[in-house]
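# how would this look folded up:
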Amino acid sequence: MAEIQENNSGKGKEGKGKQKKMTIRVDFTPMVDMNMLLITFFMLCTSLSKPQTMEISMPTKDTQEDMQTKVAASRAITLLLGEDDKVYYYLGEPNYQDYTSLKETTYTPDGLRAVLLARNANVVARINELKKKKLDGEITEEEFKTQSTEIKKDENAPVVSIKGTDESTYKNLIDALDEMQICNISRYAIVPIAEGDLWLIKNLKSAGDLGKNSEMAQN
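Have a look, this model is predicted:
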């Protein structure tokens, strides 16, 4: 609130002709109450952002060994997360004689995602058909979840092993896990990288020169 105070020091005739001095004082106390009301209003009416977490099921040693021995080579995909946001992969079992069996790609949609979608084309097509039924109202959300879970259990669906090198970053791992969700990969595991996998990366960088006289390539 503003308060005006008049200051007239002159008396009688001497005061005539002199301009009155006015002092203005603004009281900001009501503004404090208004600010508190606004803060309270926005706190009650605005939804606070909730932290998003990703659940990662780490396999046990027995699970890793079982996965590596029982998965058919035609279904297995191994991802090697390298340095500078590079990602390498090979299909089936590692081929130490042919350095071109290890491929290099990126985390872009036309890179790793394209590889996974191609290997999981049947499951992806069936999931997309199921999504259309849900949008058309033919099935409920619960039915969609139940049926999509069964579809992802397809015995021909790929099984992915994700292995990170010391040069890879946590972001690389998150990007790889995101691609598992986008491509409807239900069977995947984060496993320690083997010495042979590191050798494959080095051999690829050397265009096969490393494997010419290597015992690993000869074996």
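# Low-confidence ranges, the chain, go.
Counting by pLDDT under 70, the chain contains low-confidence ranges at 1-22, 26-28, 47-71, 213-219.
# centre of the chain versus the top helix by length along it, how much separation?
The longest helix of the chain (DSSP state H) is helix 29-45. Put simply, helix 29-45 sits 37 Å off its chain's centre (C-alpha atoms, centre = their mean, to the nearest Å).
# Stretch 95-105 too?
Here stretch 95-105 is found 28 Å from its chain centre; the criterion is C-alpha atoms, centre = their mean.
# in stretch 117-129, what counts as buried?
Buried residues in stretch 117-129, counting neighbours by 16 or more other C-beta atoms under 10 Å, are found at Leu117, Arg119, Asn120, Val123, Val124, Arg126, Ile127. C-beta here means a position set from N, CA and C on the backbone, and glycine is covered the same way.
# Only alpha carbons, please: show it as CSV.
Output in CSV follows, covering the C-alpha atoms of stretch 117-129 (Å, rounded to 0.1, in the frame of the first residue of the first chain):
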residue,chain,number,x,y,z
LEU,A,117,15.0,-55.3,-36.3
ALA,A,118,16.1,-57.4,-39.2
ARG,A,119,17.0,-60.3,-36.9
ASN,A,120,13.7,-59.9,-35.0
ALA,A,121,11.5,-59.1,-37.9
ASN,A,122,8.9,-61.8,-37.2
VAL,A,123,8.3,-60.7,-33.6
VAL,A,124,8.2,-57.0,-34.5
ALA,A,125,5.6,-57.6,-37.2
ARG,A,126,3.4,-59.5,-34.8
ILE,A,127,3.8,-56.9,-32.1
ASN,A,128,2.9,-54.1,-34.5
GLU,A,129,-0.2,-56.0,-35.6
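# Need the residues that contact it.
Applying C-beta atoms under 8 Å, 6 or more residues apart in numbering, the contact partners of stretch 117-129 are Ile77, Leu91, Ser148, Ile151, Lys152, Asp154, Asn156, Ala157, Pro158, Cys183, Asn184, Ile185.
# which residue packs closest to Ile185, ignoring adjacent ones?
Val160 (5.6 Å; C-beta to C-beta, 6 or more residues apart in numbering).
# how far away is the one you found from Ala176?
Going from Val160 to Ala176 by C-beta to C-beta, to the nearest Å gives 9 Å.
# Next, work out how far apart the nearest residue to Thr140 once chain neighbours are set aside and Glu141 are.
Distance criterion C-beta to C-beta, 6+ apart; nearest residue to Thr140, sequence neighbours excluded, is Lys134 at 7.7 Å. To Glu141, Lys134 is 7 Å away according to C-beta to C-beta.
# The two - which one has more neighbours?
Taking other C-beta atoms under 10 Å, Lys134 and Glu141 do not tie; Lys134 has more neighbours (16 against 8).
# Report the contact partners of the more buried one.
Applying C-beta under 8 Å, 6+ apart to Lys134 gives the contacts Thr140, Glu141, Glu143, Phe144.
# And Asp98, its phi and psi?
Torsion angles at Asp98 (phi, psi; degrees, to the nearest 10) stand at phi -120, psi 110.
# Next: Arg187.
Per-residue torsions, Arg187: phi -110, psi 110 (degrees, to the nearest 10).
# just Asn184 next, same as before
phi 60, psi 40.
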